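>>> here is the input, now give the coordinates:
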Amino acid sequence: MAVNNNLVKKDNQRLSFSAFMMRDAAKDQVNKILGGKDGQRFISAIVSAVNATPALQDCTNTSIFSAALLGEGLKLSPSPQLGHYYMVPFKDKDKGMVAQFVLGYKGYIQLAIRSGEYRKLTVVAIKEGELIEYNPLDETIELELIKDENQRENTKTIGYYAMFELINGYRKAIYWSREKMEAHAEKYSAGYRAKKGFTFWEKDFDGMAYKTMLRQLISKWGIMSIEMQSAMDADMATINEDGTKNYVEFDDDNVIEAPAAEVKEEPAKTAKKAKTETQEAPAEDPAAALFG
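Residues are numbered from 1 along each chain as shown. Have a look, this model is predicted:
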C-alpha cells in the first residue's frame, strides 16, 4: 500500500511516530484504507508496537507505516506477544534507519489456517531421548515424548519436525537435525557465524528454526494462498512509499534490535540470498536466517 506524499513530507520533519500517526494526513489515509474502528485499532496497535521496540523510534516513520500497512493488509498483528510479524530496525546505507517487514513463524501458521486447505499443521522441537526412528522415504517418525513438560522444556533439543496434511488427504513431513539447522544458520547469518551474541538465531534459535521448517515445508509442497505468497514475497523487505519493495543487502550487522526473546523471532541473511532461497524454499528472516 502506498503512503500519501503529505506523510512523506511530514516524515522529513522527524516527528515522533506517535505524533506522525496523530497527523490528519495519517489519520485520513488510515481511515480511507481501513475506516472507523479498524483505523483506530490499527493506529493504537502500531504505536504500541513501536513503543515496545525503542530502536524503531529512530526509523523513518514512513517505513514503519508502510510495513504496518502491509501487515494489516495480510490481517496479521504487529503485537510482539503474538509474533505474527515484526518491524525490524536496521541501517540502510542510502536511507538511514528504516523498518524491515519480517514474517514470524506464527504468521505462517495463521496464513495457512486461514487458507482453509490444511487439516493439520505441526512444527515441534525434538528433545534428546525422544527420537526412536525417522524414515525419510515414507516420512514416518517414531517418538517417545517426555511426558513431564518442565523436564522436556529443559532437555537438549536434537532436531525439528514439521508436517502438514491437506483437506484432500495429501501429507508431507520433514525432519532436520539440530546440526543441519545450525549449518543453515551459519550459512545464511553472518552474525551467527561470528557468534556476536545479538542475532535472532542466538536470541531465539527455536523460533528461527520453526520458521525455517514451515517455510521449507509450505513453500515446496504446500498450497499457498495469495495472502501467503504476498507475505513470503514481502518477507525481509523494506516497503517504499509507493508500495514497492527493496530487498537490501542485509546481514546481522545491520540489525539494531532483535525482537524480544519471548517474541520468538528472527533475522539474518542478505536480502538477495533470501530472495534466492525463496525460490528454493522462500526467503528468510532477519530472522532471515530463519528460513532457508
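>>> hey, let's count contacts and neighbours off CA atoms from now on
Noted.
>>> quick one: low-confidence ranges for this structure?
Across the chain, the ranges flagged by pLDDT under 70 are 1-14, 196-198, 247-292.
>>> any idea where the strands of it begin and end?
85-92, 96-103, 118-127, 131-135, 140-143, 157-166, 171-177, 238-239, 245-246 (DSSP state E).
>>> quick one: distance of stretch 29-37 to the chain centre.
Relative to its chain's centre, stretch 29-37 lies at 25 Å (CA atoms, centre = their mean, to the nearest Å).
>>> ok, stretch 152-168 next?
19 Å.
>>> for it, buried residues please.
Neighbour counts over stretch 152-168 (16 or more other CA atoms under 10 Å) mark Arg152, Thr157, Ile158, Gly159, Tyr160, Tyr161, Ala162, Met163, Phe164, Glu165, Leu166 as buried.
>>> any chance of the residues you listed in TSV, with distance to Gly96 too?
Formatted as TSV, the buried residues of stretch 152-168 follow (distance: CA to CA, whole Å):
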residue	distance to Gly96
Arg152	44
Thr157	39
Ile158	40
Gly159	39
Tyr160	37
Tyr161	39
Ala162	38
Met163	40
Phe164	41
Glu165	44
Leu166	44
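>>> as JSON lines, the strands of the chain with distance to Ile109 would be great.
Formatted as JSON lines, those follow (distance: least, CA to CA, whole Å):
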{"stretch": "strand 85-92", "distance to Ile109": "11"}
{"stretch": "strand 96-103", "distance to Ile109": "11"}
{"stretch": "strand 118-127", "distance to Ile109": "8"}
{"stretch": "strand 131-135", "distance to Ile109": "24"}
{"stretch": "strand 140-143", "distance to Ile109": "22"}
{"stretch": "strand 157-166", "distance to Ile109": "11"}
{"stretch": "strand 171-177", "distance to Ile109": "15"}
{"stretch": "strand 238-239", "distance to Ile109": "22"}
{"stretch": "strand 245-246", "distance to Ile109": "23"}
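>>> ok, which of the ones you listed comes nearest Asn61?
strand 96-103 (8.3 Å; CA to CA).
>>> which other residues reach that closest one?
Applying CA atoms under 8 Å, 6 or more residues apart in numbering, the contact partners of strand 96-103 are 56, 58-60, 63-64, 67, 84-92, 231-232, 234-239, 266-267, 285-287.
>>> in this structure, which residue is closest to the centre?
Nearest residue to the geometric centre of the chain (CA atoms, centre = their mean): Leu103, 2.2 Å.
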